[in-house]
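Undergrad: structure here, sequence nowhere to be found:
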C-alpha cells in the first residue's frame, strides 16, 4: 500500500522519484579528463571511455572525444586529424593520461 496522507479532506500519495545512478572512474590532468562507466557491481563497461578536453581553458566550452579506437591511436602515437590543434605539450599530456588509464584497465 502506498503512503498516503489526508490534508484538509484531500488525500495525497507519496511520490517516488525513480532515477539511475551512474558509476564512473575518472582521471584528470590539467587540460584533459578521462572517464569510464562502471556497472553497478563495479566492473568496467567496455567502450565507454571518453575524454573531455579543455584545450582553451577550463572556463571555455570543452570538446568531448568518445571513440575508443581513436583514443587508443592517440595513445599509441598514430597520426590523428587534430594534432595540429594541440601543442606538443598538450599532446604529450593527453597521451600520458591515456597511458595511465590503460594501466588501470580503463581503456
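TA: Looks like it arrived, so ask away. No experiment lies behind these values; they were computed from the predicted model shown.
Undergrad: from here on, contacts and neighbour counts on C-alpha atoms
TA: Will do.
Undergrad: have a look at this protein and report its longest helix.
TA: Of all segments of type helix in the chain, defined using DSSP state H, the longest is helix 88-103.
Undergrad: show me what that one is packed against.
TA: strand 23-28, strand 32-38, helix 68-75 (3 or more CA pairs under 8 Å, 6 or more residues apart in numbering; DSSP states H and E).
Undergrad: now do the buried residues in the last one.
TA: Right, the one you point to is helix 68-75. 68, 71-72, 74-75 (16 or more other CA atoms under 10 Å).
Undergrad: repeat for the first one
TA: With burial defined by 16+ other CA under 10 Å, the residues of strand 23-28 counted as buried are residue 24.
Undergrad: tell me the strands beside it, with direction?
TA: strand 32-38 (antiparallel) (DSSP bridges).
Undergrad: avg pLDDT for the partner strand?
TA: Mean pLDDT, strand 32-38: 95.
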